[in-house]
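Asks: sequence and predicted structure below; questions after.
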Amino acid sequence: MSEEKMSKEINDFCERIVSKYQIPGFAIGLAKNGGPYWDKGFGFRNADKQLPVTADTVYGIGSITKSFTCVAIMQLQEQGKLSVHDPVVKYIPEFKTPEDEHTKKVTIHHLMTHTPGLPPLPTLYAAMKDSMANDPKIEGQEEPTNEIKAVNTYDEFLTYLGELDYEFIGEPGTEFSYSNDGYALLGIIINRVSGIEYEEYIKKYILEPLGMKHTVFHLHELVDHDNVSILYDSRKEDEKTIVFESNNPWDSPSMRAAGFLKSTVNDMLKYAEIYRNNGRYGDTQILTEESVKHMTTPHISCGEEQYYGYGLMITPDFYGHKLVEHGGAIKGVAAQMNILPEVGLTGVSISNLGGVPSTKMLFGAFANELDQSITESHLTMEEIELTVDELKEYENTFQSGEGAKVDFEVEEGQLLIKTTDFTEKLQSVGNDKFALSFREDKMIIRFIRNDNGEIIRVAFGFRQIPKAQEQSEHVEV
């Protein structure tokens, strides 16, 4: 496909979504075989001053940071300073869970693959509490951290985590549930094994060798670069979405390894290259080919035809090709990084408003490159009709320690999902699985049963969320 045709089709697609979701600023860039060949900025990094977005505009990248954390772990393994199969307590003897025997079984590999058996916990909110307190106050909006104490240091994090009471979702290595806590622990391990601060390690051994000059944890480090995006937030008002400036980045000194890097499209295309090119960017070898292979191995299922490696998600069949990717979402951030190693294609998309389809726009660009539909999902699932009585089995409330509350209710013969942000219809697509049309794409929701066949959790948003009554019994904050 010609660059001109690709540019027109993707440009129109992105413009429609940017307008529909009132995204102040959005940037997207693609590279082929290591060479950047198309990028586009939409809207503004600062709407008031009408400052445009470019491929060098700095945004947050959220949880794409997790892949950097795993690169650091693999580098340390290459140096013989640790093994991913070492128990976590070897490096963090203070690490505690409600059961000592369970604690001893948790390895670095389990943290990297989100399989230590931990349910979603409130730790991240505690770690971000002080920075969240500086957000603009909105009348009637609940403060999610009001009853949670602030956690700022590694010692405070370990104490807080060790005092929580909860029920495991499974033995280590058996169940996937996205865990920022696990990645915070990886940051502590990197600090202790390397002898330097986590942030310094990432800068010295990843960012600087790759020439990622505009990628930082702290914006004050960008002394000669003022191409930095303002952050925006949104709220509902009389059924309308109001987008407003909220330029207060959330931070978490004790959990930066989970998702607090800032970067640009151009810098991230350099970084994505190491997964396309066996650990190498230009003349710089960041990882061995073997380490990249381990990072991009589908270690455990994390979604429909989707798996988790080390800080990366893997779709073995994205229109016939292996897709390596990860997204990032936090206040004022919706970011996505994609790599198709077999095709030589890498891409990055970033916006300055959270909760918008940055992922879909990049996936659309990738589908277009493969002569597939920009708008359709690569997933194909047959819809199954269920009776009202069958649907009613799924009616319940599920609540996460991270603050998410999800209700499922049957109305007019259809199962609905209700959250604080949206209410949508679900369509049965398999055994205890339902499809949700959400932000221009399909999401699969899976209900999880115990050995007695009772529904006890729901897999939603890469988390396993317990039924509300079970959450209240097992979690104390």
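Replies: Thanks, I have it.

Asks: can you show me the CA trace of the longest helix seen in the chain as CSV?
Replies: Ranked by residue count, the top helix of the chain under DSSP state H comes out as helix 3-20. The C-alpha trace of helix 3-20 is given here as CSV (Å, rounded to 0.1, in the frame of the first residue of the first chain):
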residue,chain,number,x,y,z
GLU,A,3,2.3,5.9,1.8
GLU,A,4,-0.1,8.4,0.3
LYS,A,5,-3.1,6.1,0.4
MET,A,6,-2.2,4.9,3.9
SER,A,7,-1.8,8.4,5.1
LYS,A,8,-5.2,9.5,3.7
GLU,A,9,-7.1,6.5,5.1
ILE,A,10,-5.5,6.6,8.6
ASN,A,11,-5.7,10.4,8.7
ASP,A,12,-9.5,10.4,8.1
PHE,A,13,-9.9,7.5,10.6
CYS,A,14,-7.9,9.3,13.3
GLU,A,15,-9.6,12.6,12.7
ARG,A,16,-13.0,11.1,13.2
ILE,A,17,-12.1,9.5,16.5
VAL,A,18,-10.2,12.6,17.7
SER,A,19,-13.3,14.7,17.0
LYS,A,20,-15.8,12.1,18.4
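
Asks: how far away is the nearest residue to E383 once chain neighbours are set aside from L416?
Replies: Nearest non-adjacent residue to E383, counting by C-beta to C-beta, 6 or more residues apart in numbering: Q427, 5.2 Å away. For the C-beta atoms, the positions are set from N, CA and C on the backbone; glycine is no exception. According to C-beta to C-beta, to the nearest Å, Q427 and L416 sit 11 Å apart.

Asks: tell me the buried residues in the longest helix of the chain?
Replies: Using 16 or more other C-beta atoms under 10 Å as the test for burial, helix 3-20 gives M6, I10, F13, C14, I17, V18.

Asks: so what does it touch, helix or strand wise?
Replies: Contacts defined by 3 or more C-beta pairs under 8 Å, 6 or more residues apart in numbering; DSSP states H and E place helix 3-20 against strand 25-32, strand 35-46, helix 358-369.

Asks: out of the ones you listed, indicate the one that is most buried.
Replies: Comparing the helices and strands packed on helix 3-20 by mean neighbour count (mean count of other C-beta atoms under 10 Å), strand 25-32 ranks first with a mean of 25.

Asks: related to what we said a few turns ago, redo the helices and strands packed on helix 3-20 as a markdown table? Include distance to G453 and mean pLDDT.
Replies: A markdown table is the format used below for the helices and strands packed on helix 3-20 (distance: least, C-beta to C-beta, whole Å; pLDDT from 0 to 100):
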| stretch | distance to G453 | mean pLDDT |
| --- | --- | --- |
| strand 25-32 | 45 | 97 |
| strand 35-46 | 49 | 95 |
| helix 358-369 | 34 | 96 |
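
Asks: looking at these, which is closest to P116?
Replies: Closest to P116 of those, according to C-beta to C-beta: helix 358-369, at 25.8 Å.

Asks: list the contacts of the helix or strand following that closest one.
Replies: Counting by DSSP states H and E, the next helix or strand C-terminal to helix 358-369 is helix 388-392. If you take C-beta atoms under 8 Å, 6 or more residues apart in numbering as the criterion, helix 388-392 is touched by V410, G413, Q414, L415, S428.

Asks: same check, this time on stretch 48-60
Replies: Contacts of stretch 48-60 (C-beta under 8 Å, 6+ apart): 25-27, 29, 36, 39, 41-45, 214, 216, 219, 222, 225, 227-229, 231, 245, 249, 260-266, 328, 330, 332-333, 335, 350-352.
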